[in-house]
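Participant: Using only what follows, build the 3D model:
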Amino acid sequence: MLLSLCLIFFARTTDVCLGTIRILFLTRGKRFHAALLGFFEVTINITALSQVVGNLDSPWKLLVYGLGFSFGNIVGGYLEEKLAVGYTFVELVPKNHTPELITALRDENFGVTVLEGEGRTGPRHILTIILRRKDLPRLRAVIDQIEPDVFYTELDARLIKGGYFRGMDKK
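Facilitator: Numbering: from 1, shown residues only. Modelled structure (predicted):
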């Protein structure tokens, strides 16, 4: 019984992790990768589900199936964050140290575009950066070092073309 419960838990955790990564690939336009992961995801899910449906007299199996789903969401979210597939669009509105921030970001090889904007208290610079998601921690470290109170947003960039990207593969 314990072996069966462990199989259900780990199978469900694995299939939910694969589902999280599959959705990540789909949103990044990587359909083939998503299809391949989907094959394994559904195969593992059916294996775990058959252990539960075939033994409905055991509430423990249903409970472990649900726990595996919950834990799979936690692990899948962690893996998605670590994989950091794709690109991100970051928009910053610094208050005080704009020239220093621009210089520091460019010294770290981030492509920074500077726009003029108007805020509630007057003119502001708006800095836009598109970067690999895996470079976000480095970008945040530079920002926090120069101007920790800066206002900024991060958005997923599904498709990019042209421009300056550190380490971008040439096609």
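Participant: Name the residues that touch stretch 139-154?
Facilitator: Residues outside stretch 139-154 that contact it (Cβ atoms under 8 Å, 6 or more residues apart in numbering): 88-97, 100-101, 104-105, 108, 110, 129, 131, 136. Where you see a C-beta, it was placed from the backbone N, CA and C, and this is true even at glycine.
Participant: so how many other residues sit close to the nearest residue in space to residue 28 that is not next to it in sequence?
Facilitator: Among residues not flanking residue 28 along the chain, residue 86 sits closest, at 4.7 Å (Cβ to Cβ, 6 or more residues apart in numbering). Neighbour count for residue 86, taken as other Cβ atoms under 10 Å: 19.
Participant: Residue 86 contacts residue 135, doesn't it?
Facilitator: No. In this structure residue 86 lies outside contact range of residue 135 using Cβ atoms under 8 Å: 11.4 Å.
Participant: Domain parsing of this structure, as residue ranges.
Facilitator: 2-83, 87-157 (automatic domain parsing).
Participant: How far does the last one sit from its chain's centre?
Facilitator: Here domain 87-157 is found 19 Å from its chain centre; the criterion is Cα atoms, centre = their mean, to the nearest Å.
Participant: now swap in the first one and tell me
Facilitator: Its chain's average C-alpha position is 18 Å from that of domain 2-83, according to Cα atoms, centre = their mean.
Participant: now it: mean pLDDT?
Facilitator: Averaging pLDDT along domain 2-83 yields 90.
Participant: The last one too?
Facilitator: Per-residue pLDDT values across domain 87-157 average out to 91.
Participant: Make a ChimeraX selection of the buried ones in the contacts of stretch 139-154.
Facilitator: The ChimeraX command for the buried members of the contacts of stretch 139-154 (criterion: 16 or more other Cβ atoms under 10 Å) is given here:
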select :88,90,91,92,93,94,101,104,105,110,129,131
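Participant: Cross the contacts of stretch 139-154 against helices and list the overlap.
Facilitator: Judged by DSSP state H, those include 100, 101, 104, 105, 136 as members of helices.
Participant: Now render those as JSON lines, adding distance to residue 73.
Facilitator: Below are those laid out as JSON lines (distance: Cβ to Cβ, whole Å):
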{"residue": "100", "distance to residue 73": "41"}
{"residue": "101", "distance to residue 73": "36"}
{"residue": "104", "distance to residue 73": "37"}
{"residue": "105", "distance to residue 73": "34"}
{"residue": "136", "distance to residue 73": "22"}
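Participant: residue ranges for the helices of this structure, please.
Facilitator: Counting by DSSP H, the chain has helices at residues 2-27, 31-53, 59-83, 98-107, 136-146.
Participant: Give me whichever of those helices is most buried.
Facilitator: helix 2-27 (a mean of 19; mean count of other Cβ atoms under 10 Å).
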